[in-house]
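Visitor: Sequence and predicted model, in that order:
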Amino acid sequence: MGFFGGGGTTTDRIKTAHVQDVGYGSPIKICYGTNRVAPLLGTLRDFEATEHEAGKGLGGGSTWYTYKASVMMFICEGQVRGIGRLWRNKDKHANYTKAGFNFARSGGMAQTAWPFLLSTNAPEALNYSNTALIAGSGYDLGTEATIGSHSIEVFGRCLSTQSTDQNYTDAYIKDVVDDFLHNPYYGALDASTTTIPLATDDMHAYCCARNILISPVLDTQKPAHDYLTEWALVANAGIVWSEGRLKFRPYADEAFTGHGVSYVPNTAIMYIFDDDNVDEPIQPTRKKPVDCYNKVAVECLNRAKEYNKFTIDVSDQANIAQFGLRPDAVLSLSCLLNPVIAKIVAHTVLQRGLYIRNTYEISTFCEADQLEPLDFVSITDTGLGLDNARCRITSIRDEQDGRLHITVEEAPEGVYCG
């Protein structure tokens, strides 16, 4: 303590930067459409402390330090269209340069290395082809020597370049599926040996007419089937392997027109089952009332609210009034960034789950072998009280004795489109 008052204060100098290990071991993301992602720290070097003094005199003074370093962050894999806003902790910046970064690359195969690193440590100056990144020399780490929490708005893959195109912000599901499966660098299939022909035209027409687009971020290792199933759910489609192609067939049985595209469903009855062409009695199954949910909630992200989570609920009030509330578990679809699209999806899930209750198991011989899942058929069975009841195939299994085991669901009109 000084004779005329309190002594000075000195803040201990920090020897190295504090780095969060939240993303340690995480894969580099793949970004489609436009979304907000957390980058991964790729390089941290040239850590430097700067001493500051104030208030020196009879009353003492204070000494503290600020810190900076050279930082590189990996955003995602694959070439993107651009980088938008950047958030650091609670601060939002209009772009990466406003946040203190001075170098960026979009992930092209022929992109050049960071010039600063070339001039200071050339052996470490890699171009990181096929990886979008940002970097900054002398990046401000504040008085705590912390990198902080970062997230970046990315204009990612499968986007058009025309601002008048509805695909300018989000991505068409058919384009995402194709890139996800066949991209030569990160595709789910080995592009050098395997290519799966896709049939997505009908699904694309339906999605365009209803303005259903997605912006998924692939940041978790899970089976490719899980991603495809989620996107098919959004597209109101089923996935069918038939005729050597992977087909995405819409469930929608109503026509839609919008955004310059018309969707016209195929509602033809492809086969008529009756007592003359089934090998065994048709076996019915009815879903329990407790499993018929009359409220569905979809959790998505809201781009208009800085990509924060948003939950939209839809319900069948008439059913709730008659049977009471039966809510389903929240359906998380982070690939959706528009609550309007989320509402369409929620309505579709609600109506299919609530009003399609009966399924039937059919055993028949190969005269029906041209059928495939999602085809419409009809059933006439006096024992079940069915007279040309419209149904839809959900699965077909070949038996060893030449029979087909076909599972169908009842298909009342007006419940497939939300």
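Guide: That came in fine, so what should we check first? On a predicted model such as this, the values are computed, not experimentally measured, just so you know. Numbers count the residues shown, from 1 in each chain.
Visitor: can you pull the buried residues of the helix or strand containing Leu117?
Guide: Using DSSP states H and E, Leu117 falls within helix 115-120. In terms of neighbour count (16 or more other CB atoms under 10 Å), helix 115-120 has its buried residues at Phe116, Leu117. Backbone N, C-alpha and C define where each C-beta goes, glycine included.
Visitor: same question, stretch 18-34
Guide: Buried-residue list, stretch 18-34, by 16+ other CB under 10 Å: Ile28, Lys29, Ile30, Cys31, Tyr32, Gly33, Thr34.
Visitor: where does Asp178 land in three-state SS?
Guide: Look at Asp178: counting by DSSP: H, G, I helix; E, B strand; the rest coil, its state is helix.
Visitor: And the helices in the protein?
Guide: Using DSSP state H, the helices of the chain run over 115-120, 173-182, 201-210, 224-234, 317-323, 339-355.
Visitor: can I get those helices in a markdown table with mean pLDDT and distance to Phe248?
Guide: Shown next, in a markdown table, are those (pLDDT from 0 to 100; distance: least, CB to CB, whole Å):
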| stretch | mean pLDDT | distance to Phe248 |
| --- | --- | --- |
| helix 115-120 | 95 | 44 |
| helix 173-182 | 97 | 7 |
| helix 201-210 | 98 | 4 |
| helix 224-234 | 98 | 6 |
| helix 317-323 | 96 | 30 |
| helix 339-355 | 97 | 15 |
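Visitor: which one of those helices lies closest to Tyr307?
Guide: Taking CB to CB, helix 339-355 is the member of the helices of the chain nearest to Tyr307, at 12.4 Å.
Visitor: by how many degrees do the closest one and helix 201-210 diverge?
Guide: Between helix 339-355 and helix 201-210, the angle comes out at 120 degrees (axes from the mean of the first three to the mean of the last three CA atoms, to 10 degrees).
Visitor: Number the residues from 13 up from this point.
Guide: Sure thing, new numbering starts at 13, so read that last one as helix 351-367.
Visitor: Packing partners of helix 351-367?
Guide: helix 236-246, strand 307-314, strand 320-327 (3 or more CB pairs under 8 Å, 6 or more residues apart in numbering; DSSP states H and E).
Visitor: closest to Thr212 among the buried residues of stretch 30-46?
Guide: Nearest to Thr212 among the buried residues of stretch 30-46, with distances taken as CB to CB, is Tyr44, at 15.1 Å.
Visitor: how many neighbours does Asp152 have?
Guide: When neighbours are defined as other CB atoms under 10 Å, Asp152 has 14 of them.
Visitor: With Asp291 instead?
Guide: 13.
Visitor: Can you spell out which residues form a bridge with the nearest residue to it once chain neighbours are set aside?
Guide: Excluding its sequence neighbours, the residue lying closest to Asp291 (CB to CB, 6 or more residues apart in numbering) is Ser375, at 4.5 Å. Judged by DSSP bridges, the bridge partners of Ser375 are His417.
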